[in-house]
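Novice: I'll drop the sequence and a predicted model, then ask my questions.
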Amino acid sequence: MKKELFDYIEHNRTAIEETWSVLHSMPETAFLEKRTSAYLAEELRQCGFEVKEGLGGTGVLGILDSGRPGPKIGLRADMDALLHTNETGEDIAMHTCGHDANCTEALWAAKAISAIKPPESGKLFSLFQPAEESLGGALEIIETGVLKDLDYLIGTHLRPAEELPLGKVTPAILHSASAKVEVFVTGEEAHGGRPHQGINAIEAAVGIIQAIQALHLNPAIPHSIKPTKFHSGSNPLNVIPSCVSLCFDLRAQTNEFMALQKERIIKIAEYIGEAYGAKVSCKPHKGAPAATMCPELINITTEAIKDALGENAAIPAQTTSGGEDFHEYAVAIPDLKSTIIGVGADLTPGLHKISMKFDREAIIHGIKVLSLTACRLFDKNII
C-alpha cells in the first residue's frame with residue numbers, strides 16, 4: 001500500500017505543482033475564499049467525494065464514504081491568505097503563511113487515498129476551512145455540526161527554516177493559547193500648561209503597561225504578555241488627552257495559564273487606573289486554545305514520517321508560541337483525537353513575511369506523510 005501511494009504521488013508531481021500554482025495565484029483573505037473553495041470543491045468531486053460547500057461561509061467538506069460503519073477520519077487545511085501593504089502602499093492579498101501549500105497537501109492526500117486505498121469501512125473527510133488567520137473559521141465550521149461525530153482530525157502546516165529544515169517533519173505542532181485584551185483608559189482633558197486640572201490618560205496607560213510588564217508568573221510554563229497597540233486620538237499637542245486605548249497580546253502553553261494571565265491583566269489595569277484617578281474598562285478577546293497532545297496520533301504519524309522520508313526525518317513534537325484555530329476542534333468535539341503535522345520546507349525569512357518563500361519539495365513530503373497516516377488509521381480501526 002505504501003509503495004502504491006507513493007508511486008501515485010510521484011507520478012502526479014506535475015499536477016501537484018499545478019494545483020499549488022493555481023491556489024497561489026488567487027489568494028483570498030478570511031471568509032472571502034470563494035474562488036479557492038470553488039476550485040477545491042470541483043477537484044474533490046472529480047475524484048469521487050460527496051461535497052458540501054458554503055460551510056461557515058466559504059468552507060468545503062468532501063466525504064468519501066465506504067458505506068460500512070467505521071472510523072471517521074478528517075484531513076484539514078486552511079484556505080485564507082493575508083493582506084499586506086506593498087512598496088507602493090497598495091494593500092494586496094498574498095499567501096505568506098503557506099495555506100496554498102497546506103491545501104495542496106490535503107487535497108492530494110485525499111486524491112491519493114481515493115485512488116489507491118479508499119477506506120474499507122468508515123469515512124474520509126477532507127475539510128478546507130476558511131479564516132484561520134482571523135481565528136474565526138474553525139468555530140464557524142464547528143457551528144455547522146458537520147464534524148460532530150469525527151474520530152480523528154489531522155492538519156498540516158509548513159514551518160519556518162529555523163524550526164524545521166527541508167526533509168524534517170514533526171508529528172505535532174503544540175501551539176500556544178493566544179488571546180488579546182484591550183484596555184480603555186478614560187481620564188480628563190486639560191491644557192498642557194495646567195495639568196493639575198485634568199487626569200492624563202497617557203500617564204495612566206503607561207503606568208498600566210509598566211505594571212503588567214513587571215508581572216512575574218511561573219517561568220516553567222512558556223508564556224508572554226506584550227503591548228501591541230497604543231492610541232490616544234488626535235488631540236492638539238498642547239492638550240492632555242482624556243482617552244487612551246491599548247491592547248496586549250497574550251500567549252500561554254496551557255489554557256489554564258492563559259485564563260490566569262487574563263485575570264491578572266484586568267486586575268492590574270483596573271488597580272493602576274484607579275491609582276491615577278482614571279476609569280478603566282477591559283475587553284478580553286477570545287483567541288485560539290492551546291494544543292492538546294494525542295500520543296496515539298503522534299506515534300502513528302512518527303512512523304509514517306520515517307517510512308516516507310527516512311528514519312532521521314522525524315522530529316519530536318514541537319512547541320511554538322504561535323496560535324492556531326485548528327485546536328478549537330478538539331475543544332468542541334468530544335473524544336476527538338487530533339494533531340497538526342509540521343513540515344520542514346527551508347521556509348525563509350519567516351511566516352507572514354511579504355518575501356516568504358519555501359522549497360516546494362516540502363509539499364510532496366506533506367502529501368506522503370498525511371496520506372500514509374490516514375491509511376494506517378483506517379487499517380488500525382477496521383471493523
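Specialist: Yep, that arrived.
Novice: what's the spacing between T228 and E263?
Specialist: According to Cβ to Cβ, to the nearest Å, T228 stands 20 Å off from E263. Placement of C-beta: from N, CA and C, glycine included.
Novice: oh, I was asking about Y271
Specialist: For Y271, the distance to E263 equals 13 Å [Cβ to Cβ].
Novice: repeat that for S355.
Specialist: According to Cβ to Cβ, S355 stands 39 Å off from E263.
Novice: next: G287.
Specialist: Counting by Cβ to Cβ, the gap from G287 to E263 is 15 Å.
Novice: more crowded one of those two?
Specialist: Neighbours per residue, other Cβ atoms under 10 Å: of G287 and E263, the larger number sits with G287, 20 against 11.
Novice: contact partners for that one?
Specialist: Under the criterion of Cβ atoms under 8 Å, 6 or more residues apart in numbering, the contact list for G287 reads L135, A177, S178, A179, K180, L250, M258, G323.
Novice: mind redoing it with 6 Å?
Specialist: S178, A179, G323 (Cβ atoms under 6 Å, 6 or more residues apart in numbering).
Novice: out of those, list just those in strands.
Specialist: Among these, the members falling in strands (DSSP state E) are S178, A179.
Novice: switch the contacts of G287 over to JSON lines; also include distance to K72, pLDDT and neighbour count.
Specialist: Formatted as JSON lines, the contacts of G287 follow (distance: Cβ to Cβ, whole Å; pLDDT from 0 to 100; neighbours: other Cβ atoms under 10 Å):
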{"residue": "S178", "distance to K72": "28", "pLDDT": "95", "neighbour count": "23"}
{"residue": "A179", "distance to K72": "31", "pLDDT": "95", "neighbour count": "24"}
{"residue": "G323", "distance to K72": "26", "pLDDT": "93", "neighbour count": "22"}
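Novice: in a markdown table, list the contacts of G287 along with distance to Y329.
Specialist: Putting the contacts of G287 into a markdown table (distance: Cβ to Cβ, whole Å) gives the following:
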| residue | distance to Y329 |
| --- | --- |
| S178 | 16 |
| A179 | 18 |
| G323 | 14 |
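Novice: just to check, E132 is in contact with A77?
Specialist: No. Between E132 and A77 no contact is recorded; they are 9.2 Å apart, counting by Cβ atoms under 6 Å.
Novice: ok, these two, which is more surrounded?
Specialist: Neighbour count, other Cβ under 10 Å: between E132 and A77, A77 has more, with 29 against 25.
Novice: ok, now how distant is the more buried one from A93?
Specialist: 17 Å.
Novice: for the residue most central in space within the chain, which non-adjacent residue is spatially closest?
Specialist: With the centre of the chain defined as its mean C-alpha position, the nearest residue by Cα atoms, centre = their mean is E324, 2.7 Å away. The spatial neighbour of E324 that comes closest, neighbours along the chain excluded (Cβ to Cβ, 6 or more residues apart in numbering), is H175 at 4.4 Å.
Novice: ok now do that neighbour, which residues does it touch?
Specialist: Contact partners of H175, counting by Cβ under 6 Å, 6+ apart, are A291, T320, G322, G323, E324.
Novice: tell me the one of these nearest E143?
Specialist: For the contacts of H175, the residue nearest E143 by Cβ to Cβ is E324; the value is 18.3 Å.
Novice: what are the phi and psi angles of the closest one?
Specialist: phi -150, psi 130 (degrees, to the nearest 10).
Novice: pLDDT score for it?
Specialist: pLDDT, E324: 96.
Novice: so who does D249 touch?
Specialist: With contact set as Cβ under 6 Å, 6+ apart, D249 has these partners: K180, K226, T228.
Novice: now do the buried residues in whichever strand or helix holds the second one.
Specialist: What that stands for is K226. Here K226 is covered by strand 223-231, with elements defined by DSSP states H and E. Buried residues in strand 223-231, counting neighbours by 16 or more other Cβ atoms under 10 Å, are found at H223, I225, P227.
Novice: JSON lines for these, including pLDDT and distance to I363?
Specialist: As requested, those are arranged in JSON lines below (pLDDT from 0 to 100; distance: Cβ to Cβ, whole Å):
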{"residue": "H223", "pLDDT": "95", "distance to I363": "33"}
{"residue": "I225", "pLDDT": "97", "distance to I363": "36"}
{"residue": "P227", "pLDDT": "97", "distance to I363": "38"}
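Novice: could you point out which of the residues you listed is nearest to R376?
Specialist: Of all the buried residues of strand 223-231, the one with the least separation from R376 (Cβ to Cβ) is H223, at 35.6 Å.
Novice: any idea what that closest one is bridged to?
Specialist: Beta-bridge pairing of H223 under DSSP bridges involves A252.
Novice: related to what we said a few turns ago, closest one of the contacts of G287 to I73?
Specialist: Using Cβ to Cβ, G323 is the member of the contacts of G287 that lies nearest I73, at 24.8 Å.
Novice: residues contacting the closest one?
Specialist: Taking Cβ under 6 Å, 6+ apart as the definition of contact, the neighbours of G323 are H175, S178, G287, A288.
Novice: OK, contacts around the second one?
Specialist: Spelled out, that is S178. The neighbours of S178, taking Cβ under 6 Å, 6+ apart as the test, are R251, G287, A288, G323.
Novice: among those, find the lowest-pLDDT one for me.
Specialist: Across these, the smallest pLDDT goes to G287, namely 90.
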